[in-house]
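Asker: Next one to model:
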Amino acid sequence: MGRAVVIGGGVGGLTAGVALRRKGWDVTVLERAPAIEPVGSGLAISANALKALDVLDLGDRVRASATAEGRLGLRRADGRWMTHTTEEDAGARYGDSVAVMLRATLMEVLIDALGRERLRLDTTVSEVDPGRGVVRTGAGDLDADLVVAADGIHSATRRALFPGHPGPVYSGVTAWRGLIPRGDLAVPRSESWGRGTVFGIHLLAGDVVYVYATDVLPAGTVFADERAELLRRFGDWHDPIPALLRAADPARIIRNDVYHAARPLPAFHRGRVALVGDAAHAMTPNLGQGACQAIEDAVVLAHLADGDLAAYSAARMARTAKIVRRSWTLCRMTKLRNPLAVRLRDLGLSAAARLSPDLMLRSMDELLRWRPPTAAGR
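Answerer: Below you'll find the predicted structure:
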């Protein structure tokens, strides 16, 4: 194998670096930040991504670092369950459930597997030549047989490769995330929907609770006190949401506007450059598949990278486009504000779950039953 340069030290870039190393590539990962400081939040690694990590011999390490909970599902703002399942049922159906962990923990697992000496921090990429595989940085040029662009939602590499593409667009919702001490609270894993609003709760290792929330707001809205805004929106929701927000450290609450790729790219490669993760297919977080699809990308790319990169585009474009659309469909459902529309939505979800108790799981079959490629099945 040849030399690979990966642009971006996030989940997708690091996984790509590990996967390519396992295939014999000489790998360098470039990260513009002076230090890897993962966003202070949690991360859900679904069955499909766990199977991809198994290919890299990292799946069991991730499972061991994550929490496993009993009941999980979708609730109303008053706490009434609309649909739910269990870890046991999910595990029986897919061979895995969802491993929920600190993003920082996953990053450490990936960096250790890559080798810290292969990660160059504080390195900004100024230009990529897709034909010759040259990556220009402030510290000099790097020649590569393969360039992996994992430089995020607002990828400069993607803009350079496809200048006519409009890029990701604002979804209409903003998202808060935070880590809160559990204390003595009972914390069932759930996601609750209101009128244009969502609040999710996951218990992580170490009695830390990961919470996330969304609301419909104009892009670029700024608040002086993010926790106060969360209390104003969710302070009268079901337990333990109000207590969790009161216990939250305002400094540990982060917020960002949510963007997604409304129009698919014409390809995930050009010349010697391949796009992975958000750089290729940014999606809303409603299916919890952003990081999972980046992990899938990385494993598939490493499997195919010694050939024509067109095979990588062919292997990934249809699947990720469908997941982007499904995530956006769910996002639009959560954005409903009209009281009648919200009531009809909630009644429909509850009725469907009563008629088909395994609906929550069955709806995820195509997504979670994915398996990584094998040498024999190339």
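
Asker: Hmm, G290 is touching A280, no?
Answerer: No - judged on CB atoms under 8 Å, G290 makes no contact with A280 at a distance of 11.3 Å. Backbone N, C-alpha and C define where each C-beta goes, glycine included.

Asker: worst-scoring helix or strand of this protein, pLDDT-wise?
Answerer: Here the helix or strand of the chain ranked lowest by mean pLDDT, DSSP states H and E is helix 359-362, holding a mean of 75.

Asker: what about A251, how many residues close to it?
Answerer: 10 (other CB atoms under 10 Å).

Asker: again, but for M364
Answerer: M364: 19 neighbours (other CB under 10 Å).

Asker: quick one, strands of the stretch 51-200 of the chain?
Answerer: Under the criterion DSSP state E, counting those that start in this stretch, the stretch 51-200 of the chain carries strands at the ranges 71-76, 81-86, 99-102, 119-120, 125-129, 134-137, 140-143, 146-149, 169-181, 189-193, 198-204.

Asker: Out of those strands, flag the one nearest A352.
Answerer: strand 81-86 (7.4 Å; CB to CB).

Asker: what inclination does the closest one have with respect to strand 71-76?
Answerer: 170 degrees (axes from the mean of the first three to the mean of the last three CA atoms, to 10 degrees).

Asker: Centre of the chain to strand 81-86, how far?
Answerer: Distance, stretch centre to chain centre, for strand 81-86: 22 Å (CA atoms, centre = their mean, to the nearest Å).

Asker: Who are the packing partners of it?
Answerer: The helices and strands touching strand 81-86, judged by 3 or more CB pairs under 8 Å, 6 or more residues apart in numbering; DSSP states H and E, are strand 71-76, strand 189-193, helix 339-355, helix 359-362.

Asker: which strands and helices sit next to whatever helix or strand comes next after the shortest one?
Answerer: Meaning helix 359-362. Sequence-wise, the next helix or strand downstream of helix 359-362 (DSSP states H and E) is helix 365-368. Using 3+ CB pairs under 8 Å, 6+ apart as the contact criterion, the elements in contact with helix 365-368 are helix 47-55, helix 87-94, helix 310-334.

Asker: Redo those helices as a markdown table? Include mean neighbour count.
Answerer: Shown next, in a markdown table, are those (neighbours: other CB atoms under 10 Å):
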| stretch | mean neighbour count |
| --- | --- |
| helix 47-55 | 24 |
| helix 87-94 | 16 |
| helix 310-334 | 18 |
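
Asker: So which of those helices is nearest H154?
Answerer: Of all the helices and strands packed on helix 365-368, it is helix 310-334 that lies closest to H154, at 16.3 Å by CB to CB.

Asker: who's in contact with that closest one?
Answerer: For helix 310-334, contacts defined as CB atoms under 8 Å, 6 or more residues apart in numbering pick out 171, 173, 193, 196-198, 214, 258, 260-262, 264-265, 267-269, 274, 280-287, 289, 293, 296-297, 300-301, 304-305, 345, 366-367, 370, 373.

Asker: what's the angle from that helix to strand 198-204?
Answerer: 120 degrees.

Asker: Please report the distance of S313 from R177.
Answerer: 32 Å (CB to CB, to the nearest Å).

Asker: rewinding a little: counting only helices, which of the contacts of helix 310-334 make the cut?
Answerer: Residues of the contacts of helix 310-334 located in helices (DSSP state H): A280, H281, Q293, E296, D297, V300, L301, L304, R345, E366, L367.

Asker: which among those gets closest to R3?
Answerer: Distances from R3 to the ones in helices among the contacts of helix 310-334, taken by CB to CB, are shortest for L301, at 15.1 Å.

Asker: my read: the closest one touches G17, true?
Answerer: No - L301 lies out of contact with G17 (CB under 8 Å); the separation is 10.9 Å.

Asker: Which residues are in contact with each of those two?
Answerer: Shared contacts of L301 and G17, defined by CB under 8 Å, 6+ apart, comprise V148.

Asker: pLDDT score assigned to T86?
Answerer: pLDDT for T86: 77.

Asker: how close does it sit to P357?
Answerer: Using CB to CB, one obtains 11 Å as the distance from T86 to P357.

Asker: Provide a list of residue ranges in the stretch 51-200 of the chain with pLDDT below threshold.
Answerer: Residues of the stretch 51-200 of the chain that meet the criterion pLDDT under 70 lie in 68-71.
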